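Student: Sequence first, then the predicted structure:
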Amino acid sequence: MVILVKIFGDLRKKIEGFNISGSLPLNLQIDSDGINTIADILNKYAIKKEETSHLFVNGTYSGFNKKLKDGDRVGLFPKNMSLLYKWYFTRNEDE
């Protein structure tokens, strides 16, 4: 299973081996072995939950426990790029 992960802002600096320039997101295609939820992706890249503000799966505002499947697109945004979503939208969770 392959998952596309788009990492925005300062979170891009957490991923080793990539030259970060400009403001475009870092796009990673990851094999999903051992990746079942967004929290698993954060753990894989040593990103703390407290460092994130908004998480999206296929364009839907999601939570840490949102289950992932083959072909999903995940967006990870840092605290300093927070939006007003948490006041207007409910996080889509699976647990």
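Tutor: Good, I have the coordinates. Numbers count the residues shown, from 1 in each chain.
Student: can we go C-alpha only for contacts and neighbour counts from here?
Tutor: Noted.
Student: Regarding Asp10, what is its secondary structure?
Tutor: Assigned by DSSP: H, G, I helix; E, B strand; the rest coil, the conformation of Asp10 is helix.
Student: Apart from its neighbours in sequence, what residue is nearest it?
Tutor: What sits nearest to Asp10 in space, not counting adjacent residues and going by C-alpha to C-alpha, 6 or more residues apart in numbering, is Pro78, at 6.3 Å.
Student: before we move on, what about Leu11?
Tutor: Spatial nearest neighbour of Leu11, excluding adjacent residues (C-alpha to C-alpha, 6+ apart): Pro78 at 5.9 Å.
Student: For the residue nearest to Asp10, name its beta-bridge partners.
Tutor: Thr52 (DSSP bridges).
Student: Looks like it contacts Glu51 (just checking).
Tutor: Yes - if you go by C-alpha atoms under 8 Å, Pro78 and Glu51 touch, sitting 5.7 Å apart.
Student: Now for the two: what residues contact both?
Tutor: Both Pro78 and Glu51 are contacted by Leu11, under the criterion C-alpha atoms under 8 Å, 6 or more residues apart in numbering.
Student: Distance-wise, check the most centrally placed residue in the chain relative to Leu11.
Tutor: In the chain, the C-alpha nearest the mean C-alpha coordinate belongs to Leu76, at 2.9 Å (C-alpha atoms, centre = their mean). With distances taken as C-alpha to C-alpha, to the nearest Å, Leu76 is found 8 Å from Leu11.
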